[in-house]
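Student: A structural model of the following input is requested.
(chains A and B)
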Amino acid sequence: MSRQPGEPADRERGGGFPDPPTKPRRKRVVLADSRAPVTVLRTVVELEEQTSYGEELVSQLIRTQLRTAVRLWVITVLLLAAMPALFFYVPDLAEVTFAGVGLPWLLIGLVPFPLLFGMAYWYNSRAERQEQDFVAMVEK
Amino acid sequence: MDARIWALAGISLVTVATFYLGYRSSRTASTTQDFLVARRTVRSRRNAAAVSGEYLSAASFLGVAGLVLKDGADALWYPVGFTAGYLALMLFVAAPLRRSGAYTLPDFCEARLGSRALRGLAAAFVVFIGILYVVPQLQAAGLAVSNILPIPTWVGSLVVTVVVIVNVFGGGMRAITLVQAFQYWLKLFAIAAPTLVLCMLFIGGGGLRGGHVTGLSEPLPPVFTEHTTLRIETPVLLEVEDTVNLVANGVVDGDKVSGSAYWTPLGSPYEVDVGTELHFYEGSAVPVVVGAPITNDLWLAPSTSGSDLVTTYSLMLALFLGTMGLPHVLVRFYTNPDGRAARRTTLHVLMLLGLFYLFPILLGALSRLYVPELLVTGSTDAAVLKLPTRIAPGLLGEILGAVLTAGAFAAFLSTSSGLVVSVSGVLSTDVLRGRVRDFRFATAIAGGAPLALAIVLRPSDISLSVGMSFALAASTFCPVLLLGVWWRKLTWVGAAVGMVVGGGLVLASLVLNTISDFTGRWAPAILGQPALITVPIAFLTVIVVSKATPARMPADLAQIRLRMHAPDGLGFVRDRAVARFGTPEERARMTDGRHRR
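Tutor: Presented below is the predicted three-dimensional model:
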């Protein structure tokens, strides 16, 4: 059951009784709720109709999303792309071993996988938060 | 029992299971929505398993280990790049692409840029990349089958093609989602279990001291672990680090030889012709194909030559940006219910792939110790299949080998199915008239054409030709996708010219490289992996041409941008109708199918 905007919540609470109570219940009648509904429509309509305000909102959202994505991508690529150069200019590093496994094999064959997953996890939570913020802002 | 029977049993089991799952779920797959986008209701975990199942191809299952065996530390960038591509996909493309509501890559191009001509061009590239990617799968299937049975390689290719076509005929995307998710777990088991057992045997057997092998960090070449007779199937140039005694029958350096020979570092490289038989003694050093590291310490460390460094960066660029342009990967993202689920799917995929790729790397390192003779013939892709019986002779090795063969077969089946589905989806809606019958006809084409190519073309290293299709995807679809999602001023003219220029350059280098392979390998290394040059050129072309044609920006640009980027909760997403698929009667007949996950 979807609730109309502005509909008082206590209507739902009484809904489950099989028989209506004999005495009519007292109800609070709310004519206008200043908190939410009207603006919801207004901002969404602005977005839909692409008023200059709506377009500005969308562009701002796109910029935030792009900035987050680019930042994470640059960090990841710099970390990964540094490795071939590192072993090229400091070949001695290739001889370092940990527990019998050479540093190149650890750094190229093992470390990138958790690194990539970690970056993705970070991005996922940031992107979802940004979207929630946007929805909250639009529905304010 | 014979190793062949075990392996055949494994392959049959995989094929039957694939058939059964496809059949069971395809009984309810009948509408267009089922065939192309699985009604957009696949949940993110199952979808992630399906994406990974589809993605882990012959290149991942056999090719990575083979390249590690040959090139050592430099080859590690293949699995890393195969995985990192998904991070780029997630950061820049996944959610907006799903929200655009498109159902194929050409459809996205049309939705975003409003041009039928561009749609046609994109369709052509999807078909081309798809076929280029299926060919090595089929060739690898031939390799796997001829490894266990004395039959020509085309039989294996044919078997895979037939299974895939029949399965796709049945249920298209709907059936394939379940099959692919199953295939991922099957492949993970099929590579993880044998790897762990082999590693335990290796360590339990005293590690390096157990057998007559060269330690991986020693400045010596690998040695033959037993008397070995090799027949050269493709002409090779071999190098030796130390003098090697051998018996050669055939043609070496253009002269006919028969009887014992004495190869020295000074005489290297030796050119060995097709049909030559080489017999090596136990404990003698293994000659290596020219270009690969000869001694184990060189193999263990990343290459210190400048041209290899450039090739590595070029490869990284192709793999990082190419994944988002692969048609069979993207097609899975349209099956998510919304943009948020598309992002979560990618997150799961990164975990599943990272888990998988640890094992082929381990197998590659082990095979350097136990099957170094593959370095002579150059068919290093067979390493995974040959390793088990070498480490564990007897029943255990045969069973492990059978499990690995079955897993490899699952890899060929799943990747080719995914590609055939996406290629035939595009063919049937963009080239043919889009009835269910057309989809089936398109499937036959999408399976038949690569089969013909796989039989005609000479098999080279599996991952290398896969690297080429990544370069092609990165130079055609990647600029269009990235700029299409994030840049307002992209026009269809810019996108079309960029795709033609980027794709044309990659194709040119592919052709030049093939010619040079037949006429004495004169091509520079960059032609083997041209992404470092072609991708920036493609991006530049798209940007410059788009700026020059600002009048061609689509009229409903703001609407599309809002749809692609607004959070799912606001409800701006409109799925594009998959209307041109299925006639009205067909649709009426088929709507009673129950939905099955």
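Student: name the helices or strands packed onto the longest helix seen in chain B?
Tutor: Scanning chain B for the helix with the most residues, using DSSP state H, yields helix B:154-204. Here helix B:154-204 touches helix B:3-26, helix B:32-37, helix B:44-55, helix B:116-148, helix B:339-370, helix B:383-391, helix B:395-426, helix B:436-456, going by 3 or more Cβ pairs under 8 Å, 6 or more residues apart in numbering or on different chains; DSSP states H and E. All C-beta spots, glycine's among them, are computed from the backbone N, C-alpha and C.
Student: Okay, buried residues for the last one please.
Tutor: By neighbour count, with 16 or more other Cβ atoms under 10 Å in any protein chain shown as the criterion, the buried positions of helix B:436-456 are B:436, B:438-440, B:442-443, B:445-447, B:449-451, B:453-455.
Student: Pull the distance from that helix to the chain's centre.
Tutor: On the basis of Cα atoms, centre = their mean, to the nearest Å, helix B:436-456 is displaced by 18 Å from the centre of the chain it belongs to.
Student: Likewise for the third one?
Tutor: Distance of helix B:44-55 from the chain centroid (Cα atoms, centre = their mean) equals 15 Å.
Student: What of the first one?
Tutor: The gap between where helix B:3-26 is centred and where its chain is centred comes out at 21 Å by Cα atoms, centre = their mean.
Student: quick one: buried residues of it?
Tutor: Neighbour counts over helix B:3-26 (16+ other Cβ under 10 Å) mark B:3-4, B:6-8, B:10-11, B:14-15, B:17-19, B:21-22, B:25-26 as buried.
Student: where do the strands sit along chain A?
Tutor: A:97-98, A:101-102 (DSSP state E).
Student: Of those, flag the one that's most buried.
Tutor: Among those, the stretch with the highest mean neighbour count (mean count of other Cβ atoms under 10 Å in any protein chain shown) is strand A:101-102, at a mean of 18.
Student: would you turn the helices and strands packed on helix B:154-204 into TSV with mean pLDDT and distance to residue B:178?
Tutor: Formatted as TSV, these follow (pLDDT from 0 to 100; distance: least, Cβ to Cβ, whole Å):
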stretch	mean pLDDT	distance to residue B:178
helix B:3-26	79	5
helix B:32-37	54	12
helix B:44-55	87	8
helix B:116-148	86	20
helix B:339-370	91	15
helix B:383-391	85	26
helix B:395-426	86	12
helix B:436-456	83	18
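Student: I'd like those as a markdown table, with distance to chain A appended.
Tutor: What follows is those, written out as a markdown table (distance: least, Cβ to the nearest Cβ, whole Å):
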| stretch | distance to chain A |
| --- | --- |
| helix B:3-26 | 26 |
| helix B:32-37 | 23 |
| helix B:44-55 | 11 |
| helix B:116-148 | 22 |
| helix B:339-370 | 3 |
| helix B:383-391 | 16 |
| helix B:395-426 | 19 |
| helix B:436-456 | 31 |
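Student: so which of those helices gets nearest residue B:192?
Tutor: When the helices and strands packed on helix B:154-204 are compared by Cβ to Cβ, helix B:339-370 sits nearest residue B:192, at 5.4 Å.
Student: For the longest helix belonging to chain A, enumerate the helices and strands it packs against.
Tutor: Counting by DSSP H, the longest helix found in chain A is helix A:52-89. With contacts taken as 3+ Cβ pairs under 8 Å, 6+ apart, helix A:52-89 sits against helix A:37-49, helix A:103-109, helix A:112-138, helix B:77-88, helix B:306-322, helix B:557-565.
Student: Return the most buried member of those.
Tutor: helix B:77-88 (a mean of 27).
Student: got a list of contacts for that helix?
Tutor: Residues outside helix B:77-88 that contact it (Cβ atoms under 8 Å, 6 or more residues apart in numbering or on different chains): A:73, A:76, A:80, A:84, A:108-109, A:112-113, A:116, A:119-120, B:55, B:59-60, B:63-64, B:67, B:312, B:315-316, B:318-324, B:346, B:349-350, B:353-354, B:357, B:360-361, B:463, B:467, B:470.
Student: mind exporting it as CSV, just the C-alpha atoms?
Tutor: C-alpha atoms of helix B:77-88 as CSV (Å, rounded to 0.1, in the frame of the first residue of the first chain):
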residue,chain,number,x,y,z
TRP,B,77,50.0,-8.1,-15.8
TYR,B,78,47.5,-10.1,-17.7
PRO,B,79,45.5,-11.3,-14.8
VAL,B,80,45.9,-7.9,-13.1
GLY,B,81,44.7,-6.1,-16.2
PHE,B,82,41.8,-8.5,-16.8
THR,B,83,40.6,-7.6,-13.2
ALA,B,84,41.4,-3.9,-13.2
GLY,B,85,39.2,-3.4,-16.3
TYR,B,86,36.2,-4.0,-14.0
LEU,B,87,37.3,-1.2,-11.7
ALA,B,88,37.2,1.2,-14.7
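Student: for the record, mean pLDDT for it?
Tutor: Mean pLDDT, computed over helix B:77-88, is 93.
Student: I'd like the next helix or strand past that helix.
Tutor: helix B:94-99 (DSSP states H and E).
Student: May I see the buried residues of the longest helix of chain A?
Tutor: A:54-55, A:57-58, A:61-62, A:64-66, A:68-69, A:72-73, A:76-77, A:80, A:83-84, A:86-88.
Student: and the gap between the most centrally placed residue in chain A and chain B?
Tutor: Nearest to the mean C-alpha position of chain A, by Cα atoms, centre = their mean, lies residue A:128 at 1.1 Å. Per Cβ to the nearest Cβ, to the nearest Å, residue A:128 is found 7 Å from chain B.
Student: Disregarding residues adjacent in the polypeptide, which is nearest to that residue?
Tutor: In this structure, residue A:128 finds its nearest non-sequential neighbour in residue B:340, 6.6 Å apart by Cβ to Cβ, 6 or more residues apart in numbering or on different chains.
Student: just residue B:169 next, same as before
Tutor: Excluding the flanking residues, the one nearest residue B:169 by Cβ to Cβ, 6+ apart is residue B:440, at 5.4 Å.
Student: again with residue B:74
Tutor: residue B:303 (5.2 Å).
Student: got a pLDDT number for that neighbour?
Tutor: 78.
Student: Now for it: which residues touch it?
Tutor: With Cβ under 8 Å, 6+ apart, residue B:303 has these contacts: B:73-74, B:293, B:309, B:312.
Student: Pick out the lowest-pLDDT one from the residues you listed.
Tutor: For the contacts of residue B:303, the least confident entry is residue B:293, with 80.
Student: Point out where chain A drops to low pLDDT.
Tutor: Filtered on pLDDT under 70, chain A yields the residue ranges A:1-22, A:30-43, A:50, A:140.
Student: Could you pull up phi and psi at the residue nearest to residue A:94 when sequence neighbours are not counted?
Tutor: Spatial nearest neighbour of residue A:94, excluding adjacent residues (Cβ to Cβ, 6+ apart): residue B:301 at 3.6 Å. Main-chain torsions, residue B:301, degrees, to the nearest 10: phi -100, psi 150.
Student: How about residue B:267?
Tutor: Torsion angles, degrees, to the nearest 10, at residue B:267: phi -80, psi -10.
Student: same deal with the one 10 residues further on?
Tutor: Residue B:277 has phi and psi values of phi -110, psi 130 when expressed as degrees, to the nearest 10.
Student: residues in contact with it?
Tutor: By Cβ under 8 Å, 6+ apart, the contact list for residue B:277 reads B:229-232, B:248-250.
Student: May I ask which helix or strand encompasses the spatially closest residue to it that is not a sequence neighbour?
Tutor: Nearest residue to residue B:277 in three dimensions, chain neighbours excluded: residue B:249, at 4.6 Å (Cβ to Cβ, 6+ apart). Using DSSP H and E, residue B:249 maps to strand B:244-252.
Student: now do residue B:268
Tutor: Applying DSSP H and E, one finds residue B:268 in no helix or strand.
Student: ok, so what distance separates it from residue B:7?
Tutor: The gap separating residue B:268 from residue B:7 is 37 Å, by Cβ to Cβ, to the nearest Å.
Student: All set, thanks.
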